[in-house]
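Visitor: fold the following, please.
(one chain, ligands or ions: 1)
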Amino acid sequence: MRGNERCNEPRGLSSRGLSNGIGACHAVRHGRADSPRLFVDAIMVSRYYSFGRYLRQRFGCRVHKVTLHAGFTCPNRDGAAGWGGCTFCNNAGFSPNVRIDPADVRDQLARGITGARRRKAHKVIAYFQAYTNTYGPLDRLRALYDEAWHFPEVAGLAIGTRPDCVDPTVIDLVAGYVPRGEVWLEYGLQSAHDSTLAAINRGHDYQCFVDAVERTAGRGIRICVHTILGLPGEDREMMIETHRRIAALPIDGIKIHLLHVMRDTIMERQYRQGEVTLLSRPAYVELVADVLEVLPPTVVIQRMHADAPRDLLVAPDWCLDKAGVLDDIRREQVRRDSWQGKALGFPLTATPFAALDPPSSSSVPPVPVERECLL
Ligand code: SF4
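Guide: Residues are numbered from 1 along each chain as shown. Now for the predicted structure:
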């Protein structure tokens, strides 16, 4: 078929032509995505449920996450759950038991809101990110979380933690904020395989994560899980299996990370001794497309790349090209006509991300990428 010939194959959303999911698949199936303009149209189509899209749908405006450091430590470092921490975790800047006053959290939030306003965001989510943000006495947790709601711009709260640090009293406390706005608990898991969790010294097993999710579900709290692709000893099937297992749980979001080696970690020594090998860029891109296929289309993809600080990164260099890697993932989805939830039988048109985003103003600066802690 030549470019100027009319194709009679139904497009579903024909009024939008190539600017929708059906049209893009259609173009690729008919070999027309080689045309630069058509290919650009095709890769602009959403084939996964991005966090940005979710927030626009939920709040009707631009929403940023403001990252907060509340002085928490980690039970996998102080002996409560283990010593030495996860093998990939970097010690730089780790200041156990730094006493951060709730007023400092308010100052961090105020600065973050100012920055968000400059980028035309009208609302923010206060993100307690560094280390284990439910690891402390209940009164202290309450005092810190209460600060998050001090500003009218705060539409929600996100709390990063480990699955072994959320007893029922913590869940009750966090659930108490649900009537005030969006509340997320982010659980570091990394892998559903206990052999891997032991190898990276996580200090908890998979069942611990399942128990935490079951305690959290049904309370109005949204659940996000962090995973890593490329962990030592894992092959493609094991990584996909991790995502199949968590897809069967009542989770609402996921952050998919690339395994990268940072300075001053146990993994740096293992890498230099040849005990750890890292994924190539094409292998990672294919794997992300694979795992997206087994995730329900309602699960929000909060992240699907690494975010390594340049000064601490040992390898791989290519993970610094975050925008390029994301672009590669989208192109891989187009190439294989793939989308989030495809392996579960969801048609692209039945997903919450099939519709087009409204065009964004070119005067709006890009959202800065938060540096992510691998919880
Ligand atoms: S990655 Fe998170 S859980 Fe693991 S040692 Fe570091 S702070 Fe603790």
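
Visitor: mind giving me the packing neighbours of the biggest helix by length in the chain?
Guide: As assigned by DSSP state H, the longest helix anywhere in the chain is helix 102-118. Judged by 3 or more C-beta pairs under 8 Å, 6 or more residues apart in numbering; DSSP states H and E, helix 102-118 is in contact with strand 63-68, strand 123-128, helix 138-148. C-beta here means a position set from N, CA and C on the backbone, and glycine is covered the same way.

Visitor: just the CA trace of the second one, in CSV.
Guide: This means strand 123-128. What follows is strand 123-128 as a C-alpha-only set of coordinates in CSV (Å, rounded to 0.1, in the frame of the first residue of the first chain):
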residue,chain,number,x,y,z
LYS,A,123,-0.6,21.3,43.0
VAL,A,124,2.1,19.1,44.5
ILE,A,125,2.4,15.7,46.2
ALA,A,126,4.7,15.7,49.3
TYR,A,127,7.0,12.8,48.9
PHE,A,128,8.8,11.4,51.9
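
Visitor: quick one on the thing from earlier: average pLDDT across the longest helix of the chain?
Guide: With pLDDT averaged residue by residue, helix 102-118 scores 91.

Visitor: need the contact partners of it.
Guide: Residues from elsewhere that reach helix 102-118 (C-beta atoms under 8 Å, 6 or more residues apart in numbering): 64, 66-70, 124, 126, 143-144, 146-148, 150-151, 153-154, 365, 368.

Visitor: which residue ranges of the stretch 151-300 of the chain form strands?
Guide: 154-161, 182-190, 222-229, 253-258, 261-262, 300-303 (DSSP state E, counting those that start in this stretch).

Visitor: what does the last one rub up against?
Guide: Contacts of strand 300-303 from elsewhere in the structure, counted by C-beta under 8 Å, 6+ apart, are 48-51, 54, 224, 252-257, 292, 295, 340, 372.

Visitor: isn't Asn133 right next to Thr161, touching?
Guide: Yes. Contact criterion C-beta atoms under 8 Å: Asn133 and Thr161 qualify, at 5.4 Å.

Visitor: the ligand contacts on this protein?
Guide: Residues of the chain that fall close to the ligand, judged by C-beta under 6 Å from any ligand atom: Cys74, Asn76, Arg77, Gly85, Cys86, Cys89, Tyr131, Arg162, Gly188, Leu374, Leu375.

Visitor: burial count for the fifth one?
Guide: The one in question is Cys86. 24 (other C-beta atoms under 10 Å).

Visitor: please tell me how far it sits from Ile256.
Guide: Relative to Ile256, Cys86 is positioned 17 Å away (criterion: C-beta to C-beta, to the nearest Å).

Visitor: can you check the third one too?
Guide: Counting by C-beta to C-beta, the gap between Arg77 and Ile256 amounts to 25 Å.

Visitor: tell me the domain ranges of this structure?
Guide: Per automatic domain parsing, the structural domains of the chain span 1-45, 48-350.

Visitor: worst mean pLDDT among these?
Guide: Looking at those, the bottom one is domain 1-45 with a mean of 38.

Visitor: can you get me a residue count around Gly334?
Guide: Wrong residue type there; residue 334 is Val, not Gly. 23.

Visitor: what's the helix or strand for it?
Guide: Element membership for Val334 (DSSP states H and E) is helix 322-335.

Visitor: export that helix to CSV, keeping only CA atoms.
Guide: Taking C-alpha atoms only, helix 322-335 is exported to CSV below (Å, rounded to 0.1, in the frame of the first residue of the first chain):
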residue,chain,number,x,y,z
LYS,A,322,17.1,8.9,30.5
ALA,A,323,15.2,10.6,27.8
GLY,A,324,16.8,8.4,25.2
VAL,A,325,16.0,5.2,27.1
LEU,A,326,12.4,6.2,27.5
ASP,A,327,12.2,7.0,23.8
ASP,A,328,13.7,3.6,23.0
ILE,A,329,11.1,1.8,25.2
ARG,A,330,8.3,3.7,23.4
ARG,A,331,9.8,2.8,20.0
GLU,A,332,10.1,-0.9,21.1
GLN,A,333,6.4,-0.9,22.0
VAL,A,334,5.6,0.5,18.5
ARG,A,335,7.9,-1.9,16.8
